[in-house]
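Participant: coordinates only, sequence not included:
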């Protein structure tokens, strides 16, 4: 099933959209559909964004305490480097 929409777009934007669709070798319908689908996919939840990291962490066998230590060490190294450059 597909969705059919009617959009009211200012004339200047209509011309721009037609031009961009032509440049990409697409119909206006296909170009606008691609834009809408791509934009809709940008609204990921935090869980969706973090899923690869969570899976990688789970597979690593690293404990939460070990991860905390790694993060603290990295933060300290960044802070030390910033102090060196600001002096």
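Facilitator: Arrived safely. Please read these numbers as outputs of a predicted model, since none were measured by experiment. Residues are numbered from 1 along each chain as shown.
Participant: Outline the domain layout of the protein.
Facilitator: 11-40, 46-86 (automatic domain parsing).
Participant: okay, those in CSV with mean neighbour count and mean pLDDT next?
Facilitator: To be clear about C-beta, it is placed using only N, CA and C from the backbone, and glycine gets the same treatment. Formatted as CSV, those follow (neighbours: other Cβ atoms under 10 Å; pLDDT from 0 to 100):
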stretch, mean neighbour count, mean pLDDT
domain 11-40, 12, 91
domain 46-86, 10, 88
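Participant: So the residue nearest the centre of the chain: helix, strand or coil?
Facilitator: Taking Cα atoms, centre = their mean as the criterion, residue 42 is the residue nearest the geometric centre of the chain, at 5.7 Å. Following DSSP: H, G, I helix; E, B strand; the rest coil, residue 42 is assigned to coil.
Participant: Export the domains of the chain as CSV, with columns for distance to residue 2.
Facilitator: Compiled in CSV, those are given as follows (distance: least, Cβ to Cβ, whole Å):
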stretch, distance to residue 2
domain 11-40, 9
domain 46-86, 24
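Participant: quick one: which of those is nearest residue 5?
Facilitator: domain 11-40 (8.3 Å; Cβ to Cβ).
Participant: Would you mind measuring the gap between the ends of the closest one?
Facilitator: Terminal residues of domain 11-40 lie 24 Å apart, using Cα to Cα, to the nearest Å.
Participant: got it, and stretch 60-69?
Facilitator: First residue to last in stretch 60-69 (Cα to Cα) measures 15 Å.
Participant: Would you mind pulling the contact partners of it?
Facilitator: 57, 70 (Cβ atoms under 8 Å, 6 or more residues apart in numbering).
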